[in-house]
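Asks: Sharing a model that was predicted from the sequence below.
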Amino acid sequence: MATALDGILTTFDEISFSKDRTNKTEESSRTPGGELGKDEFLQLLVCQMKNQDPLEPEKDTDFIAQLAQFSALEQMQNLNETVMNSQAFSLVGKYVLVKTTASDGKVNEVKGVVDYVTIKNGDSYMSVNGQLYSIDNLVEVRDSFYAIQEYLPTAKKTDAVYDKSNKKPVEVEIDLGKGSYAANSVAVVINGEYVKSEFLKFEDGKLSIWPGALDGLDPGEYQVGLYFDDPYSTSVIDKVTIKVTDTGSSSGDDQGTEEGSGEGDSSQ
């Protein structure tokens, strides 16, 4: 007399036979001691049902409980896969560090921004610098703006002196940035006014500010603002200072004072 258990066993036999026929390569390549998944759980359950003691067979309720465990395991794995994929998609636009191991054992590091994420056969892959990398190779994730600081325009700390009597241009070392984060030009602001482009020259990483932009300033110290036209509109306002002096005027004043003192002494 056929029972519900016999039907379940027959169904599991068919599943087991189908899996044995289609996944021989996968099973033969499985590493001993690896983690057990839902496939292994199902095979163990079928093996247990096929090899039970006929004199003391397992109860239907025991198998139903094991089936419930199998269903719960499958749901947990599906949920874990969904969570992993969701986390992978959140990496788009983030700056990441990926490490891969070549066939010769050499470890290669790849840095860049994740362009997009794709799913292949249930596994997540990130596109970094035009290449796909498994999310398993992910080592570090950074905020994009924080990570690209090294690519944005910047200027070297400069404390320059401009002497109106000498009229030499002031030079400031600047970096327009790298790659897609580079700027094409820079605007200069001194004492609240933009410097005309005719008084600026950029060559070999050096920005020259010519006397025409500085002669109208009174002696004193001025903070220089640099405003780049990169994608992030980078501004540098705390690294360049120009001290304006006029040594020629000071010398004339000193000389006049000395002559005046001398005439005073003669008159007495």
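Replies: That came through fine.
Asks: For the rest of this, base every contact and every neighbour count on C-alpha atoms.
Replies: Noted.
Asks: how close does residue 148 get to residue 138?
Replies: 18 Å (CA to CA, to the nearest Å).
Asks: nope, residue 172 is what I meant
Replies: 40 Å.
Asks: I figured residue 133 was touching residue 127, is that so?
Replies: Yes. Counting by CA atoms under 8 Å, residue 133 does reach residue 127; the two are 6.4 Å apart.
Asks: The stretch 151-268 of the chain: helices as residue ranges?
Replies: Counting by DSSP state H, counting those that start in this stretch, the segments of the stretch 151-268 of the chain that form helices are 247-267.
Asks: Okay, now the unreliable bits of it?
Replies: 249-268 (pLDDT under 70).
Asks: tell me which residues in stretch 225-233 are buried?
Replies: 225-230 (16 or more other CA atoms under 10 Å).
Asks: I'd like the residues you listed as CSV, with distance to residue 155 appended.
Replies: Shown next, in CSV, are those (distance: CA to CA, whole Å):
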residue, distance to residue 155
225, 10
226, 8
227, 11
228, 11
229, 14
230, 14
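Asks: Take the residues you listed and keep only those in strands.
Replies: Applying DSSP state E to the buried residues of stretch 225-233, the entries found in strands are 225-228.
Asks: Quick check: of those, which lies closest to residue 114?
Replies: Nearest to residue 114 among those is residue 228, at 25.4 Å by CA to CA.
Asks: Count the residues that sit near the residue lying closest to the closest one once chain neighbours are set aside.
Replies: Leaving out its chain neighbours, the residue that sits closest to residue 228 by CA to CA, 6 or more residues apart in numbering is residue 186, at 4.4 Å. Residue 186 has 21 neighbouring residues, counting by other CA atoms under 10 Å.
Asks: now residue 186: how far from residue 205?
Replies: Residue 186 is 12 Å from residue 205, by CA to CA.
Asks: picking up where we left off before, quick one, what contacts the residue nearest to residue 228?
Replies: 226-229 (CA atoms under 8 Å, 6 or more residues apart in numbering).
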